[in-house]
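Participant: structure for the following, please:
(chains A and B)
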Amino acid sequence: MNNAIDLEHVVFSYPQGTLSLRGISFSIERGRKVALVGPNGAGKTTLLLMCNGILKPDSGRVLVNGEALSYTKQGLLDIRRRVGFVFQNSDNQIFAPTVFADVAFGPLNLGMEKEEIRTVVDEALFSVGMNGYERRPPHHLSGGEKKRVAIAGVLAMKPDILIFDEPTSSLDPASAAEIVDLLDELNAMGKTIIISTHDVMLAFEWADEVLLMSDGRILHHGPPREVFIDQDLIRQSRLTVPPVLEIFCELKARGILSGSPPSGVLELTHSIQQAAGTPENTRPGTIFVADAEQVSGTEISEWVSDHPGARVGAMGTSAKRLAEEEHIPLDFTYGVIDKCLLKVVLGQDTLIISSGGMIRRVCERVSEFSREHDLDIGVSPIP
Amino acid sequence: MIDEHLLDDLALQNGLLEVDAKLKLAVGIGAILIGVFSPSPVAPLVIAASMAVCTIVFAGIPARVYAALLAIPVTFVSMSIIVILFMTGGGEPLWDVHVLGYTFTLTTDSANLAVLLLSRTLGGMCSLFFIALTTPMVDIFSVMNRLRLPDEFVDLSMLIYRNIFVLIGESIAIHNAQVMRNGYSTFRRSIDAFAMLAGMLFVRAWEKGEEMLVAMDARCYDGKFQMIEEERRISATGIATATGYLCACAGLAVLFRSFRIF
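Facilitator: Model (predicted):
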């Protein structure tokens, strides 16, 4: 079994009698990024709460990593360790008087030893970029910081599946983008991620697959391009078409563009350029990649001062931390690969500071883009 | 200038944050006890002055904020003093006041009692503010933990502390919503609005409790909710200073035990 979560004919109604889920079945493979979209009251939160046993289906089964949930005390403890849940409102999730105590709550209840808890909490806070905040009370944190602490509290239990109920709602756009970047980083570490969201652009650009829900049913389950291109489906589930797709559809209707819908701004820009027939006289620039864990900060700063025109982006917490410590001005802190590709096509050089599994992702994305558009974009590591 | 986060904010940024919480608590509580048991106003007044200096100079609490905070107990105590001055008797008469045909007499004993009351209140409040403004609640929890207070008690205090701020936030939001729609425009309406606020707050508190339970369950709640805090070493100079200070205060209390102003 390679599925992280399976739901089989799950039916659920609240004690008041309202039927919330009317027979839901789907499977999510491990390591995927899934967005659950749908109107208010569609049952998104109810569905998510099914996945870690907070709610129990009236009929049907929930399977995590191929095993059916057991609703005994031990079974629930086990499932909640493996499936981390980040609530929409961080204030409800953070109940301890300090950041440290809150993140330590899960490990403490899992029966870890003092020293182990300290290490786990340090790691969790580091991976969300919140170390140094241990002694702060939660009411002294901003919304984005609270969200990070809430995520750290879940990460400290080392789950392999992470569920986020509207992770970007009530955050300012930059904080929201940083949280999304963090989700990507966690995904690159091999975690399966499921989010619910009303943000169509986020679901469209970020997700590998989209679950479209309405009135307690799954209307569609598939890649975002497939879901969001279907006007009837979109109207029925009270969503809007992402601007990128809308522009594409309008240009296609006018006979300017053709082919399959783009997956983001990068593809759209490129196909418009091709349609406009502007000669691509510029030779594409090079994407330089620095591994934050291998290359020292001084080497990166030197590189940046040697290449004054180059745009610099950082992916992941340790890369951003390094850039901050070395006072390297960052042009991009989210959606880094696509934004760099946009500049590279214009002939500019860019530097991506990153680490671990995300570096492989950069190479994959760049070679995929070069292949699709028949460009020769070089990726070269520094130093 | 005084809002719900003020004391907490100041305590988290104060200059004596790194001093061990146990030491600060011992000094504060010790000073309160000496002040309350001192028979003359001398020791409590010295305590009040030294605590105020300590809080403003060493902990770096703005004097204006400190004065505003101190004004609250001072207002209360001044009202009681007026009553005590004219309602208790004994000793030599000092001053007669005629109001609406009645005569009120101020005597030496009542004046002494009033001065003692004022000085004890000031001494006690300044010591209490010293604790409140230099020791964040979080540190007090770890002291409670180390003093082996029952886990249930410490856990509850921690949850209460966290939720006070959540509930204050809620009540401010409800109050603002009411004010924006003329909730408190007349006396009658303010009574209605206030009743509604109290009712809503109860419901919200209940809801928050349920939500918190779900959040705790989602993180494998198994009955444990304590703090693991880093160990801090109390410096020898710290202990010496604290002991010296408390001994000096106690000495003053004993030395001036029969001192009276009037």
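Participant: my guess is residue A:382 contacts residue A:290. True?
Facilitator: Yes. Residue A:382 lies in contact with residue A:290 (C-beta atoms under 8 Å); the separation is 5.1 Å. Using the backbone N, CA and C atoms, a C-beta is placed for each residue, glycine as well.
Participant: overlap of the contact sets of those two?
Facilitator: Here residue A:382 and residue A:290 have A:299-300, A:303, A:351 as joint contacts, going by C-beta atoms under 8 Å, 6 or more residues apart in numbering or on different chains.
Participant: centre-most residue in chain A?
Facilitator: residue A:183 (3.4 Å; C-alpha atoms, centre = their mean).
Participant: list the contacts for that one?
Facilitator: Residue A:183 sits in contact with A:33, A:162, A:164, A:167, A:193, A:195, A:206, where contact means C-beta under 8 Å, 6+ apart.
Participant: doesn't it fall inside a strand?
Facilitator: No. Assigned with DSSP: H, G, I helix; E, B strand; the rest coil, residue A:183 falls outside any strand and is helix.
Participant: mind checking which of the contacts of residue A:183 are in strands?
Facilitator: Using DSSP state E, the subset of those located in strands is A:33, A:162, A:164, A:193, A:195.
Participant: export these to a markdown table and tack on neighbour count and pLDDT?
Facilitator: Listed next are those as a markdown table, based on neighbours: other C-beta atoms under 10 Å in any protein chain shown; pLDDT from 0 to 100:
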| residue | neighbour count | pLDDT |
| --- | --- | --- |
| A:33 | 18 | 94 |
| A:162 | 21 | 95 |
| A:164 | 26 | 95 |
| A:193 | 24 | 96 |
| A:195 | 27 | 95 |
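Participant: distance to residue A:134 added to those residues, as CSV?
Facilitator: Below are the ones in strands among the contacts of residue A:183 laid out as CSV (distance: C-beta to C-beta, whole Å):
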residue, distance to residue A:134
A:33, 30
A:162, 22
A:164, 23
A:193, 26
A:195, 27
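Participant: buried ones in the helix or strand that contains residue B:155?
Facilitator: Residue B:155 is part of helix B:151-180, with elements assigned from DSSP states H and E. Using 16 or more other C-beta atoms under 10 Å in any protein chain shown as the test for burial, helix B:151-180 gives B:154-155, B:157-159, B:161-163, B:165-167, B:170-171, B:174-175, B:178.
Participant: quick check, residue A:330 in contact with residue A:313.
Facilitator: Yes. In this structure, residue A:330 is within contact of residue A:313 by C-beta under 8 Å, at 6.5 Å.
Participant: between those two, which one's more packed in?
Facilitator: The neighbour count for residue A:330 versus residue A:313, taken as other C-beta atoms under 10 Å in any protein chain shown, is higher for residue A:313 (26 against 16).
Participant: what subset of the buried residues of helix B:151-180 is also close to chain A?
Facilitator: B:158-159, B:161-163, B:165-166 (C-beta under 8 Å from any C-beta of the partner chain).
Participant: dump the residues you listed into a markdown table; add pLDDT as well.
Facilitator: Converted to a markdown table, these look like this (pLDDT from 0 to 100):
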| residue | pLDDT |
| --- | --- |
| B:158 | 87 |
| B:159 | 87 |
| B:161 | 88 |
| B:162 | 85 |
| B:163 | 86 |
| B:165 | 85 |
| B:166 | 85 |
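Participant: which residue, neighbours along the chain excluded, lies closest to residue A:258?
Facilitator: residue A:252 (6.5 Å; C-beta to C-beta, 6 or more residues apart in numbering or on different chains).
Participant: would you mind measuring from that neighbour to residue A:210?
Facilitator: Separation of residue A:252 from residue A:210 (C-beta to C-beta, to the nearest Å): 21 Å.
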